[in-house]
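> Here is a sequence with its predicted model. Questions after.
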Amino acid sequence: MNRRSETTAALLLIAPFVAVYCWLFIYPTLQMVYLSFTNAPLIGPGEWTGLRNFERLFGDRTFKIAVWNTFYFVVLTVVPGTLVGLGIALMVNRLRGWMQSMILAAFFLPFILPVSVVYLVWNWMFDIQFGIAQYVIEPIVGEPVAVFRQKAWFMPAVALVTIWWTNGFNILLFLAGLRNISPEIYEAAELEGAGRWAVFRKITWPLIWPVTVLVLTIQLILQLKIFDQVYLFSLGGRTQTTMVLVQYIFQQAFVNNRGGYGATVALALFVIIIAFSVMQFQALRLRGER
Amino acid sequence: MKLSRAILAVPAFFAAVSIAEAQTEVVWWDFLGGGDGVRMKSLIDEFNTSHPDIEIQATTLEWGVPFYTKVQTSAAIGEGPDMMTYHTSRIPLAVDSDVLSEITADDLAAMGLSESDFAPATWDAVQVGGAQYAIPFDTHPIVLYYNKEKLAAAGLIGDDGLPTGLDGIENFAAALQKLQEGGTEWSMSTFTASGNFQFRTIYSLLGQQDGEMLTDGEWLAGENKQKLANALKVVSDWVGDGHVPAYTEYPAAVALFTSGQAAMHINGVWEVPTMVDLQEKGELFEWGAIELPVFFDHPSTYSDSHSFAIPNNKDNPISAEKRAAVQAVISWMLENGLFWATAGHIPALNAVTESAEYKAMEPNATYAVLTQNAIFDPKSKFAGVASPMFEAAGNSFTASVNGEMEAGEAVDLMKDELDFLE
């Protein structure tokens, strides 16, 4: 087979994917960019309004709050969530046999719950009248706290719930990484008389680093797109003070019936995610090459 | 939920295949998921049994934004139902986005209905720009539920057996004080965790001062800002003075009342079945429900209405035959509104509320008079349940009712947010 026919075959084979990708991803993305220059409602066309939506975006207080809250949420979840996941994975890794499977299953169980169930469970636990979490909060704060209604408590509480809910997946990734580290390296370290901390710092941490980078990247992109939990927990309350970016897109497009402006906010989020992913990737790569 | 929808879709599919038969299918969407949903299903079953020529294929969807988004998107591509339930407060937005088919004089004639069959405010709520877009099925205001034993002990029950001495801001506050002194933990409970739920109470109090949210396209024009702040302050004072628990969730607010920990309760009439069922099981005290007391100048209560509407399916308009079937369904439902009243809602048809059977229903007959004082949402595409105005109320009122913000500041914040809408 010559090179030319090989190229033809390759093009032919990827063509279906490229066609579907262009149709279902590239075309809608371009449409969204176009939409952000119009005053279109949720359904149907709108008129071209030039940069009007972007001017509005920079003067929009709720948008600024949403950007800030999204970053705040990322700070509260990405690194803490990764560290908690690594910690639990290290502990689970020390267990053996059915005990390990049981404990792992216990940590993974929340991950398979739908967000609505997670919301109901935690909303009842934190309920100001009847919630069991108030027995912990009341002695510390001095009075029951409406956790999902007060600004200072809202994001940390949602972050806690999110880490509890999604950490099972991170633990699995870390566990897979830990099992990939050859036992001989640990045996050699033991022979040299290395302590537990030295083993972790000099062996486990560097060798688990690629998995850590993966987990951090997945978490970052996931948490920048936070929507469901924040939306559910803030329902009916002060949605503006707890607004996050995807929720604001939803609110503008679906509640306020403004597809054009919703697309503008979506475009802003798109740019933010790309910028962050590139920055994080560069930073972590440098760290890894050190 | 998804599974049950899929199961519902299966008969609809086969029904569509066998359309050649004489039976006319009416595809029906509603958002009635609670106790009223159960009642609506039995009404639909009864209709289907008594009308061999028409078959209602009903699907219940998620209340609020999900329902209205689905209606809007499906009407835009001609895939909407033949008829659906609709909140009258959402009609201005629906008309703005061309989702509803106009109800013509011919439709009304075919159903044998006219303006005089309905309460004036309820009838007005389905009219936008001189055209009609829905047929009201009920009026569902908020009411004041009360524990008769506790009110009697505090001397707040009159000779007619109904609460007395609650009118006026000071009198009401004094009554709250008396109830608590009588050993009740809370004088009253309501869904204080949600500012947009509190909009219903606060808007009623705005109406009692003849205030308006929207005047000639301007939000909270002139004195209306002060009037809204007055109304908001009444509610936040109940919480601030320790009579009403702060940040209470919906189920908790209901539970505080039904367990006797709160002597009164402000909620929609849709909780009437909860009380009726509990009392039948012998698990509830003597209770009642009345129109909200007069705090300012005259009685006025926020209300919304479930109505029936026909979607404007693009490029797929409803056939004359289907439209006739829909008319038959709507007029039958209205005539059988008495059963719907067991869900707490006030039937829209005057003939039903004036019937001897309805007058014997308590507490429904006691609070039904409030339809004469009912006020509906302002007619704006930004107003209505689950609307931007509701969101704005959530932001301002949640903070203020629970004592995190002064009433005046909260109203300023609300006006800013409403003015930013376009």
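Here it is on my side, so go on. Numbers count the residues shown, from 1 in each chain, chains lettered A, B, ... in the order given.
> Okay, buried residues for stretch B:118-135 please.
For stretch B:118-135, a neighbour-count test (16 or more other C-beta atoms under 10 Å in any protein chain shown) marks B:118-119, B:121-128, B:132-135 as buried. Any C-beta I mention is one placed from the backbone N, CA and C, and that applies to glycine too.
> hmm, that stretch touching chain A?
No - shown here: stretch B:118-135 not in contact with chain A (C-beta under 8 Å from any C-beta of the partner chain), separated by at least 15.6 Å.
> Contacts for that stretch next, please.
Here stretch B:118-135 makes contact (C-beta atoms under 8 Å, 6 or more residues apart in numbering or on different chains) with B:86, B:88-89, B:91-92, B:94-95, B:100-103, B:108, B:111, B:113, B:115, B:136, B:139, B:303, B:305, B:307-309, B:330, B:334, B:348-350, B:371-372, B:374-376, B:379.
> Alongside chain A, which residues does the stretch 201-350 of chain B contribute?
Near chain A, the residues belonging to the stretch 201-350 of chain B are B:245-249, B:252, B:255-256 when assessed by C-beta under 8 Å from any C-beta.
> switch the cut-off to 10 Å
Within reach of chain A by C-beta under 10 Å from any C-beta of the partner chain, the stretch 201-350 of chain B has these residues: B:245-253, B:255-256, B:261, B:314.
> which of those residues count as buried?
Among these, those buried by neighbour count (16+ other C-beta under 10 Å) are B:245-250, B:252-253, B:255-256, B:314.
> In TSV: the buried residues of stretch B:118-135, plus pLDDT and secondary structure.
Listed next are the buried residues of stretch B:118-135 as TSV, based on pLDDT from 0 to 100; DSSP: H, G, I helix; E, B strand; the rest coil:
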residue	pLDDT	secondary structure
B:F118	93	strand
B:A119	90	coil
B:A121	90	helix
B:T122	92	helix
B:W123	94	helix
B:D124	93	helix
B:A125	93	helix
B:V126	94	coil
B:Q127	94	strand
B:V128	93	strand
B:Q132	95	strand
B:Y133	96	coil
B:A134	96	coil
B:I135	96	strand
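> Pick the one among the residues you listed closest to B:Q72.
Of all the buried residues of stretch B:118-135, B:Y133 has the smallest distance to B:Q72: 14.1 Å, by C-beta to C-beta.
> Local confidence estimate at B:R5?
Listed pLDDT for B:R5 reads 52.
> quick revisit: tell me the one of the buried ones among the residues of the stretch 201-350 of chain B next to chain A nearest chain A?
Nearest to chain A among those: B:Y247, at 3.2 Å, using C-beta to the nearest C-beta.
> Report the contact partners of the residue nearest to that closest one when sequence neighbours are not counted.
In this structure, B:Y247 finds its nearest non-sequential neighbour in A:A146, 3.2 Å apart by C-beta to C-beta, 6 or more residues apart in numbering or on different chains. By C-beta atoms under 10 Å, 6 or more residues apart in numbering or on different chains, the contact set of A:A146 is A:126-129, A:131, A:134, A:153-154, A:237, B:192-193, B:246-249, B:398, B:402.
> what's the spacing between B:P273 and B:V239?
28 Å (C-beta to C-beta, to the nearest Å).
> Can you pick out the residue with more neighbours from these two?
Neighbour totals were compared for B:P273 and B:V239, and B:V239 leads with 21 against 17 (other C-beta atoms under 10 Å in any protein chain shown).
> any idea how far chain A is from the more buried one?
For B:V239, the distance to chain A (C-beta to the nearest C-beta, to the nearest Å) stands at 12 Å.
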